[in-house]
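> Next input, structure requested:
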Amino acid sequence: MGRLGVLAAALLAAGAAACSSAQKPPAPMAAPGAESQGEAELTEARAVTEKHEAARQTLAMDWSALDSTSMRNPNDGALQGGVPLPLRAPGLRFSPRRDPSARFGTVEVVRALIQAAARVEQELGGLPVTINDLSYEAGGPIPHHRSHQSGRDVDVLFYQLDSNGDPIESVGAFFDPTGAGVDFRDLADPNDDILLQFDLARTWLFLRALIEDEDAQLQQIFVAEHLRALLLRHARSNDEPSTIVTRFAAMSCQPSYPHDDHFHIRFYCAPDDISKGCRDSAPLYPWHRKRLQRAGAQSLPLAPKRPGANAKIVTHEEARADAGPMDPEVERWLDRRKQWAEQPHPGRPYCR
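Numbers count the residues shown, from 1 in each chain. So this is what the prediction gives:
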């Protein structure tokens, strides 16, 4: 069995329990009453147990049969032996709105995403995290992205709640400084709008799992400054581990694009990829320098960007023109968005 077959078989085995109840024929309708209610509660409890077992199996997977190499820069690179993120795994789904050929990463990145999602599934339940683009199987320029070329970048939608505080399927909605957002659906129709809330607990746990994963080599989390503040407040008020909070505070930055509707997450080169030409952008944190020293490796600076490395980028003006008519509430949100888009991070030492 090839290396992709190994990954697919392991994930299918882990997900079998979670899917088993859905594959059974529906039970006959019971008369309303305490007995039918009890049966429904038992069925729901079994489904939750099965999902937790699938997540546990995913966390225990052996990834040693897989290998990959990230080449050159995040914004001018290639990927050898790219590993596909599953379309579905416990606690995770690749967005059905994205091109599935853009879901390849290094083994370290794909493993980290799968295991972080499985941890959220196991500890908090809810709905799967939605993953957008990673890289092409062989890397290289990818439309609408300035990076994502070497298997070490990934876009992740935030976990989201509905107006009742229940998990809801994530969409690319942007959130304001209170954590409120709107899924506008048809931008010209105000009657189909759905109010959303940023899911702090699940989003934080997902990030914490990535930061705690020493093999993942997490480098940066690009996110809007006001959402970073909400996550830090949540972590500190819940007495989350101080080392993890400190690292999140250091590596989370808002660049010129606000990242108020998704995370852009970047990982360092794996130590054994550096000798094959993998190169890191700044910054290098003190704890990462220690990792490299233990591995007997030394980070390489970015190589000069080659002609033809840029992908086609859609400007804000082009995106606005393509969107067509909008109802006044959408326009109001876009005006509000300018307030935080024009005020990126306040010059912290590891933010450019």
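
> Chain neighbours aside, what residue packs nearest to Arg306?
Computed as Cβ to Cβ, 6 or more residues apart in numbering, the closest residue to Arg306 that is not its neighbour in sequence is Asp76, at 5.7 Å. Every residue, glycine included, has its C-beta placed from N, CA and C.

> How about the contacts made by the one you found?
Neighbouring residues of Asp76 by Cβ atoms under 8 Å, 6 or more residues apart in numbering: 149, 303, 305-306, 309.

> Please, where are all the helices along the protein?
Taking DSSP state H, the helices of the chain run over residues 3-23, 34-59, 107-124, 200-212, 225-237, 242-251, 271-274, 286-295, 316-323, 328-341.

> highest average neighbour count across these?
helix 107-124 (a mean of 24; mean count of other Cβ atoms under 10 Å).

> In CSV, could you pull the C-alpha coordinates for that one?
Only the C-alpha atoms of helix 107-124 are listed here, as CSV (Å, rounded to 0.1, in the frame of the first residue of the first chain):
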residue,chain,number,x,y,z
VAL,A,107,3.1,15.5,6.6
GLU,A,108,3.8,17.6,9.7
VAL,A,109,1.2,20.2,8.7
VAL,A,110,-1.5,17.7,7.7
ARG,A,111,-0.9,15.6,10.8
ALA,A,112,-1.1,18.7,13.1
LEU,A,113,-4.4,19.9,11.6
ILE,A,114,-6.0,16.5,11.8
GLN,A,115,-4.9,15.9,15.4
ALA,A,116,-5.9,19.4,16.6
ALA,A,117,-9.4,19.0,15.1
ALA,A,118,-9.7,15.5,16.7
ARG,A,119,-8.7,17.0,20.1
VAL,A,120,-11.5,19.6,19.8
GLU,A,121,-13.9,16.8,18.8
GLN,A,122,-12.9,14.7,21.7
GLU,A,123,-12.9,17.4,24.4
LEU,A,124,-15.7,19.8,23.3
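
> counting contacts, what elements does it pack onto?
helix 34-59, strand 83-84, strand 88-89, strand 92-94, strand 129-131, strand 153-156, helix 200-212, strand 263-267 (3 or more Cβ pairs under 8 Å, 6 or more residues apart in numbering; DSSP states H and E).

> Roughly how far does the residue nearest to Arg306 sit from Arg46?
Distance, Asp76 to Arg46, using Cβ to Cβ, to the nearest Å: 50 Å.

> same question, Phe94
Distance from Phe94 to Arg46, by Cβ to Cβ: 27 Å.

> and what of Asn75?
47 Å.

> quick one, what contacts the closest residue to Ala250 other than its chain neighbours?
Nearest non-adjacent residue to Ala250, counting by Cβ to Cβ, 6+ apart: Tyr350, 5.2 Å away. Contact analysis of Tyr350 by Cβ under 8 Å, 6+ apart lists 250-251, 253, 283, 285.

> Just flag the most distant two among those residues.
The span of the contacts of Tyr350, defined through Cβ to Cβ, is set by Cys253 and Tyr285 at 12.5 Å.

> Between the two, which is the more surrounded one?
Applying other Cβ atoms under 10 Å to Cys253 and Tyr285 shows that Cys253 carries more neighbours, namely 20 against 17.

> what sits against the more buried one?
Cys253 is in contact with 220-223, 228, 344-345, 348, 350-352, counting by Cβ under 8 Å, 6+ apart.

> From those, list the buried ones, please.
Buried residues within these, counting neighbours by 16 or more other Cβ atoms under 10 Å: 220-223, 228, 344-345, 350-351.

> quick one on the thing from earlier: Glu329: which of the contacts of Cys253 is nearest?
Using Cβ to Cβ, Val223 comes nearest to Glu329 of the contacts of Cys253, at 24.2 Å.

> circling back to that earlier point, mind putting the buried ones among the contacts of Cys253 in JSON lines, distance to Ala180 included?
As requested, the buried ones among the contacts of Cys253 are exported to JSON lines (distance: Cβ to Cβ, whole Å):
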{"residue": "Gln220", "distance to Ala180": "26"}
{"residue": "Ile221", "distance to Ala180": "21"}
{"residue": "Phe222", "distance to Ala180": "21"}
{"residue": "Val223", "distance to Ala180": "16"}
{"residue": "Arg228", "distance to Ala180": "16"}
{"residue": "Pro344", "distance to Ala180": "21"}
{"residue": "His345", "distance to Ala180": "22"}
{"residue": "Tyr350", "distance to Ala180": "29"}
{"residue": "Cys351", "distance to Ala180": "25"}
